[in-house]
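> compute the structure for the input listed below.
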Amino acid sequence: MTTTHPDSRPPAEAAPEHLGPRSWVAAARHALDRPLTSYYLLLVAPALLLTIGLVMVLSASSVDAFENHQDSYFWVRRQLVWVLAALPVAWLASRVPLRLVRRLAWPGLVVAVVMLALTQTPLGISVHGNRNWIGVGQLSLQPSEFAKLGLVLWAAHVYANKERRLGHLQHVLMPVVPGMLLVVGLVLWQRDLGTALVLLAIMLAMLWIVGAPGRLFALALSMAGVGALYLATTSAERRERLLSFTDPFQDFLGAGWQPAHGLYALSSGGWFGEGIGASRQKWGDLPEAHTDFIFAVLGEELGLIGTLLVVALFLTIAFAATRVALSTKDPFVRYASFGITVWLLGQMMINVGMVLALLPVIGIPLPLVSYGGSALLPSLVALGLLLGFARREPEAARALAAKRRGRSAGLSAGRVGGRGL
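Here you go, the predicted structure:
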């Protein structure tokens, strides 16, 4: 007769001990520690945001498109054209050598400054009181959107060249701060306060990452706050928005109309939303439903779960880009990754804050989701650059090379087997 040791257990009984929360956390950490994690996150999260954006542009713009253009697909068709044009450019940005990107940094800044100046010429177009567009024939562009990308790459290039001299304040400030303030001044000349604040946030973020002293931030924030308040008071519309954003229902029929209906849309969405296409606020009550306030329509149709998904996807991009910035040995990649992260994440936070009536309405779109080719193209190019940074990391490059060798070996084996048969 055989006996069983009292401490021995069949393997099947031990399995449940390895399926608890600790094992899930360990599995998640293991997945995040893989060399291609950042690469895949930067590939999947923007793709999901872009898909959600196209669906929401179709839904949010259909009423306005039919009313003004007799075609419910007018706006989404134009957005799809921009997506199809931007994706190859983003792919090219992910493949272009870093030395070429850096060579284009100074010319890119010059082009951005020239484009911003052209808005005040006969080529300039006024939209909602802001002369911040240029138009040639049927094509119209918003230069300030391209200036965001140009500034990030230029500042990253300058700071990378000065890597060993950034312990001195003069090298931290010159020439990045005057160059950025020049662009901010040109944007303010267009009366575009929202974009100017985004550019200032990028500037402060770049100064922080290179180790600027804390007193400089206190001074910069104080000056920016005073300047923003002054500029807001010089425009009756901005002043009304500034005074009413904390309680949009106080001036419901005036400056509070848009944020109030944004809150109506969000509150009616509940947990899971009314369903795609079922928004009521897009039927004329909510201005700019497919652009600046598309997050409100998203909340109404997809509910709290949908809005949290979108925010989580932006945080995923920020997480992956920060991983790239912290792991790289190339200072240009580090500064550019951090600048792009602050740009996209900061713009998302401002847009969501506007819709939630936590911030004044200052006309900032939701990256990758709102309608608009001028915002979409530079955003996708920036994400393409991040994707290229991630795939060039030594461990990621080795992992990708191993995958390619594995696929080649598999194809070769298949061809040999086919000949044998």
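
> where's the spatially most central residue of the chain, which helix or strand?
With distances taken as CA atoms, centre = their mean, the residue of the chain nearest its centroid is L344 (2.9 Å). Secondary structure here is read from DSSP states H and E; on that basis L344 sits in helix 331-355.

> same check, this time on I125
Secondary-structure element containing I125, defined by DSSP H and E: strand 124-127.

> just to revisit the earlier point, nearest residue to the residue nearest to the centre of the chain in space, please, no chain neighbours.
P367 (5.2 Å; CB to CB, 6 or more residues apart in numbering). The way it works is simple: take the backbone N, C-alpha and C, and place the C-beta from them, glycine included.

> how about the strands in this structure?
Assignment of strands within the chain using DSSP state E yields the ranges 124-127, 130-136, 139-141.

> using CSV, lay out the ones you listed together with mean pLDDT, mean neighbour count and distance to M206.
CSV is the format used below for the strands of the chain (pLDDT from 0 to 100; neighbours: other CB atoms under 10 Å; distance: least, CB to CB, whole Å):
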stretch, mean pLDDT, mean neighbour count, distance to M206
strand 124-127, 84, 14, 29
strand 130-136, 83, 18, 23
strand 139-141, 86, 13, 25
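
> for S94, find the nearest of those.
Distances from S94 to each of the strands of the chain were compared using CB to CB; the minimum, 22.8 Å, belongs to strand 139-141.

> what packs against the closest one?
For strand 139-141, the helices and strands in contact under the criterion 3 or more CB pairs under 8 Å, 6 or more residues apart in numbering; DSSP states H and E are strand 130-136, helix 373-392.

> ok, and what's touching that strand?
Contact partners of strand 139-141, identified using CB atoms under 8 Å, 6 or more residues apart in numbering, comprise 115, 125, 133-135, 373-374.

> identify, from those, the entry nearest to Y230.
Out of the contacts of strand 139-141, the one with the shortest distance to Y230 is W133. That distance is 24.5 Å, counting by CB to CB.

> tell me the bridge partners for that closest one.
Taking DSSP bridges, one obtains I125 as the residues bridged to W133.

> OK, contacts around it?
Residues near W133 by CB under 8 Å, 6+ apart: 119, 124-127, 140-143.

> re earlier: out of the helices and strands packed on strand 139-141, which gets the lowest mean score?
Taking each of the helices and strands packed on strand 139-141 in turn, the one with the lowest mean pLDDT is strand 130-136, at a mean of 83.

> relative to helix 373-392, how tilted is that strand?
Here strand 130-136 runs at 80 degrees with respect to helix 373-392, directions being taken by axes from the mean of the first three to the mean of the last three CA atoms, to 10 degrees.

> returning to that earlier point: which of the contacts of strand 139-141 lies closest to V183?
Of all these, the one with the least separation from V183 (CB to CB) is M115, at 10.5 Å.

> which non-adjacent residue is nearest the closest one?
For M115, ignoring the flanking residues on the chain, the nearest one in space by CB to CB, 6+ apart is P143 at 3.5 Å.

> that neighbour against A112, yeah?
Yes. In this structure P143 lies within contact range of A112 using CB atoms under 8 Å: 6.6 Å.

> so between the two, which is more surrounded?
P143 (26 against 22; other CB atoms under 10 Å).

> report the contact partners of that one.
Remark: with contacts taken as CB under 8 Å, 6+ apart, P143 is in contact with 112, 115-116, 118-119, 132-134.

> distance to L358 for these - can I get that in JSON lines?
Output for these, formatted as JSON lines (distance: CB to CB, whole Å):
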{"residue": "A112", "distance to L358": "30"}
{"residue": "M115", "distance to L358": "32"}
{"residue": "L116", "distance to L358": "29"}
{"residue": "L118", "distance to L358": "35"}
{"residue": "T119", "distance to L358": "30"}
{"residue": "N132", "distance to L358": "24"}
{"residue": "W133", "distance to L358": "28"}
{"residue": "I134", "distance to L358": "32"}
